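K.L.:
here's my sequence, what's the structure:
(one chain, ligands or ions: 1)
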Amino acid sequence: MNILGINAYHGNSSAAIVCDGRLVAAVEEERFNRVKYAAGFPAQAIRYCLAEAGLRLEEVDHVAIPRNPWARLLTKLFYAARMPRFARERAKVLTRFAGIPEQLSRALDVAPERLRARFHRVEHHQAHLASTFFVSPFEQAAVLSADGLGDFASTMWATGEGNRMRVHGAIAFPHSLGLYYTALTQYLGFRKYGDEYKVMGLAAYGEPEFLEQFQSIVRSNGRGFRLGLEYFIHHRQGAEMSWSDSGKTPELGRLFSDQLAERLGPTRDPAAPVEQRHRNLAASMQARLEEVLFGLLKHLHGATRQKAVCLAGGVAFNCVANGKIFDRTPFEDVFVQPAAGDAGLAVGAAFYVLHQILGRPRSFVMDHAYWGPGYAQQEIRQAVERSNLAGQGMQIAELPEEELMRATAQEIAGGKILGWFQGRAEWGPRALGNRSIVADPRRAEMKDILNRRVKHREVFRPFAPSILEEATGEYFEKSHPSPFMTLAYAVRPEKRAAIPAPTHVDGTGRLQTVSRAANPRYWRLIRAFADLTGVPVVLNTSFNDNEPIGCRPEEAIDCFLRTQMDALVLGDLLIRKPAGAPPNAGPPR
Ligand SMILES: [Fe+2]
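P.N.:
Next comes the predicted model:
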């Protein structure tokens with residue numbers, strides 16, 4: 001039985017295909033159309049998923065769409081009556097969603113009468129819950145979804161048992177932890193869609209001196225929470241969102257009111273320098289998020305008495321908070337799948353249909369993140385030939401496994417910046433050793449070098465460590481696996497000097513634990529680096545420069561040539577820029 005999940009007309013549009021109970025492919029549209037966080041209709045992602053599964057659209061039995069226009073209808077009508085612009089937006093959304101079957105037929109060039117699939121609408125947060133629990137290793141668990149907003153709710157919690165979930169509660173519009181974080185991110189001068197993680201990085205540089213003010217911005221009785229609505233405008237004016245166009249990154253209108261600046265001081269202009277006050281505001285915002293989130297989680301633990309918790313929704317990307325769950329809540333085990341945000345809805349909706357609607361048993365655990373496109377060595381060779389790398393003086397060597405690992409580890413240990421392109425692309429926003437840039441974690445200056453030569457990111461954003469899973473406890477104060485870079489732990493004080501480049505200013509690292517089973521080749525690379533240096537860690541950042549992560553070999557080669565990376569491994573090929581080559585000036589910005 002084949003189930004196609006589609007997250008359309010929403011940020012991070014994506015598709016996933018589940019065949020006979022197992023995930024076969026999942027990918028975001030941005031990897032194909034090269035538009036970060038692309039919304040719109042994910043036509044290319046759907047085509048890829050069907051091709052990977054070897055299916056024609058006519059062979060799909062069910063299509064799962066993570067949106068239910070009937071959910072919270074009364075609340076929607078109430079706000080529609082108060083806000084005409086909001087009512088017009090809702091009407092447009094309904095029309096677009098009603099047209100998905102036709103859109104699908106058109107995109108795949110299949111006559112509508114030839115489709116046999118049943119279409120299912122799954123409420124946004126139920127799809128989030130399903131996206132984590134149904135692919136988790138747990139037979140039972142507490143489940144929490146928290147994000148900006150979807151189907152007029154921001155938060156939902158449930159108990160998962162076997163192939164069923166029971167929802168216990170939800171928090172509806174306009175109260176939202178995700179919108180709180182986004183509003184404060186905007187207030188701090190970071191206005192782009194998806195900038196929240198920058199503020200999370202900034203928070204580590206500050207002290208939560210404004211915590212008391214933030215306790216009135218998000219109010220909590222220890223169980224649920226409410227926003228201090230005087231500081232926000234989305235409930236009065238609606239929030240402008242551009243979800244329909246896949247050709248540009250979504251934009252979100254301003255969410256905070258003038259009263260926020262009266263309470264906290266002037267907003268930061270995006271062009272203005274970041275000062276200590278901003279760092280302290282970011283730290284206070286993060287501290288308040290954690291207080292409220294841990295309150296919710298403790299309540300959820302009390303209500304469900306589960307040992308494990310599964311998280312989803314944009315808030316579940318807060319790796320700093322996630323890493324503290326073991327100490328600040330009674331939960332002993334945590335699972336967050338790599339596409340915890342809205343891209344993950346495609347997977348969630350498909351598994352919701354499989355289990356919650358069709359009642360099929362569970363037979364799948366997402367134990368790795370490699371669900372995107374992969375390329376055969378022959379295709380890689382052809383891409384290299386087309387790029388005429390040899391003609392530009394590059395040294396190109398196709399090496400057997402062991403030699404490739406040794407030579408690559410030597411490049412990294414020698415301080416080179418290395419592009420690393422292997423196997424199938426990662427699902428979710430983190431590069432996890434298949435579309436990564438890898439560097440030496442022992443060199444404190446590597447962070448600045450990477451930023452100057454390749455990544456061009458804000459100086460306060462940390463880089464992440466990838467560590468051999470078996471060495472986790474030796475370097476970090478927790479050893480619970482974090483295969484998808486969704487948890488941050490404190491680096492052991494005695495190890496901070498050993499891996500300064502991916503250790504954040506507060507002594508933590510947003511680590512990826514690499515197991516031999518999940519990614520044998522990346523594991524062997526880190527093993528080879530450890531043999532050479534004694535350190536079983538590499539610095540890992542995504543293979544891109546302010547663009548969607550490279551998907552095809554061509555994009556990897558383009559990024560390699562455009563930036564000042566030193567070497568590139570594409571499958572079995574090791575490519576080095578000529579020694580003494582004048583440094584590439586990089587793209588103007
Ligand atoms: Fe969401």
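
K.L.:
taking the stretch 251-400 of the chain, what residue is nearest to the ion?
P.N.:
Nearest residue of the stretch 251-400 of the chain to the ion: D342, at 4.5 Å (Cβ to the ion). Placement of C-beta: from N, CA and C, glycine included.

K.L.:
and what of the chain?
P.N.:
D147 (3.7 Å).

K.L.:
so which bits of the stretch 1-150 of the chain are right by the ion?
P.N.:
Taking Cβ under 5 Å from the ion, the part of the stretch 1-150 of the chain that reaches the ion is made up of D147, G150.

K.L.:
let me redo that: the chain
P.N.:
Taking Cβ under 5 Å from the ion, the part of the chain that reaches the ion is made up of D147, G150, D342.

K.L.:
swap in 8 Å and give it another go.
P.N.:
Residues of the chain lying close to the ion (Cβ under 8 Å from the ion) are 10, 124-125, 128, 145, 147-150, 178, 313-314, 341-342, 345.

K.L.:
least confident pick among those residues?
P.N.:
Among the residues of the chain next to the ion, H10 has the lowest pLDDT, at 84.

K.L.:
I'd say that one and A39 touch.
P.N.:
Yes - using Cβ atoms under 8 Å, H10 makes contact with A39 at a distance of 5.9 Å.

K.L.:
so the residue of the chain closest to the ion, which of the three states?
P.N.:
State at D147, reduced to three classes by DSSP: H, G, I helix; E, B strand; the rest coil: strand.

K.L.:
got a list of what it touches?
P.N.:
D147 makes contact with H125, H128, S154, T155, S176, L177, G178, G313, G314, V315, G341, D342, according to Cβ atoms under 8 Å, 6 or more residues apart in numbering.

K.L.:
next: A81.
P.N.:
Contact analysis of A81 by Cβ under 8 Å, 6+ apart lists A87.

K.L.:
try V505
P.N.:
Contacts of V505 (Cβ under 8 Å, 6+ apart): A204, Y205, F460, P462.

K.L.:
could you report the neighbour count for P400?
P.N.:
P400 has 8 neighbouring residues, counting by other Cβ atoms under 10 Å.

K.L.:
any idea of the pLDDT on Q392?
P.N.:
The predicted local confidence for Q392 is 89.

K.L.:
now it: phi and psi?
P.N.:
Backbone torsions of Q392, given as degrees, to the nearest 10, read phi -90, psi 10.

K.L.:
just the helices in the stretch 251-400 of the chain please.
P.N.:
Using DSSP state H, counting those that start in this stretch, the helices of the stretch 251-400 of the chain run over 258-264, 276-304, 319-323, 325-328, 345-351, 377-386.

K.L.:
now the ones you listed in JSON lines, with mean neighbour count?
P.N.:
Shown next, in JSON lines, are the helices of the stretch 251-400 of the chain (neighbours: other Cβ atoms under 10 Å):
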{"stretch": "helix 258-264", "mean neighbour count": "16"}
{"stretch": "helix 276-304", "mean neighbour count": "21"}
{"stretch": "helix 319-323", "mean neighbour count": "24"}
{"stretch": "helix 325-328", "mean neighbour count": "16"}
{"stretch": "helix 345-351", "mean neighbour count": "33"}
{"stretch": "helix 377-386", "mean neighbour count": "15"}
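
K.L.:
of all those, which one is nearest K455?
P.N.:
helix 319-323 (18.5 Å; Cβ to Cβ).

K.L.:
chain center to the closest one, what's the gap?
P.N.:
Centroid displacement of helix 319-323 relative to its chain, using Cα atoms, centre = their mean, to the nearest Å, is 14 Å.

K.L.:
and for stretch 499-514?
P.N.:
Centroid separation for stretch 499-514 versus its chain: 18 Å, with Cα atoms, centre = their mean.

K.L.:
can you pull out the strands in the stretch 151-300 of the chain?
P.N.:
Here the stretch 151-300 of the chain has its strands, by DSSP state E, counting those that start in this stretch, at 153-161, 164-172, 218-220, 225-227.

K.L.:
ranking these by burial, who's on top?
P.N.:
Neighbour counts (mean count of other Cβ atoms under 10 Å) averaged over each of the strands of the stretch 151-300 of the chain peak at strand 153-161, with a mean of 24.

K.L.:
related to what we said a few turns ago, which one of the contacts of D147 is nearest to M405?
P.N.:
Looking across the contacts of D147 and measuring by Cβ to Cβ, the closest to M405 is G341, at 33.2 Å.

K.L.:
helix or strand: which one has the closest residue to A25 other than its chain neighbours?
P.N.:
Spatial nearest neighbour of A25, chain neighbours left out: E52 (3.9 Å); criterion: Cβ to Cβ, 6 or more residues apart in numbering. Taking DSSP states H and E as the criterion, E52 maps to helix 43-53.

K.L.:
quick check: buried residues in that helix?
P.N.:
Using 16 or more other Cβ atoms under 10 Å as the test for burial, helix 43-53 gives A43, Q44, A45, I46, R47, Y48, C49, L50, E52, A53.

K.L.:
out of those, who's nearest E275?
P.N.:
A45 (41.2 Å).

K.L.:
what's the helix or strand for the closest residue in space to that closest one that isn't next to it in sequence?
P.N.:
Nearest non-adjacent residue to A45, counting by Cβ to Cβ, 6+ apart: A15, 3.9 Å away. Following DSSP H and E, the helix or strand that holds A15 is strand 14-19.

K.L.:
how about the CA coordinates for that strand, as CSV?
P.N.:
Presented in CSV, the C-alpha positions along strand 14-19 are these (Å, rounded to 0.1, in the frame of the first residue of the first chain):
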residue,chain,number,x,y,z
SER,A,14,7.7,18.8,1.1
ALA,A,15,6.7,15.3,0.1
ALA,A,16,7.1,11.8,1.5
ILE,A,17,6.2,8.4,0.3
VAL,A,18,5.4,5.4,2.6
CYS,A,19,5.2,2.0,0.9
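
K.L.:
next one: phi and psi at R268?
P.N.:
Per degrees, to the nearest 10, the backbone of R268 is at phi -90, psi 130.

K.L.:
what residue ranges in the protein score low on pLDDT?
P.N.:
Under the criterion pLDDT under 70, the flagged ranges of the chain are 238-244, 580-589.

K.L.:
circling back to that earlier point, which ones are touching the residue nearest to the residue of the chain closest to the ion when sequence neighbours are not counted?
P.N.:
Closest residue in space to D147, ignoring its immediate chain neighbours: G313 at 3.4 Å, by Cβ to Cβ, 6+ apart. By Cβ under 8 Å, 6+ apart, the contact list for G313 reads H125, H128, L144, S145, A146, D147, T155, G178, A340, G341.

K.L.:
kindly recompute the last result at 6 Å.
P.N.:
Neighbouring residues of G313 by Cβ atoms under 6 Å, 6 or more residues apart in numbering: H128, S145, A146, D147.
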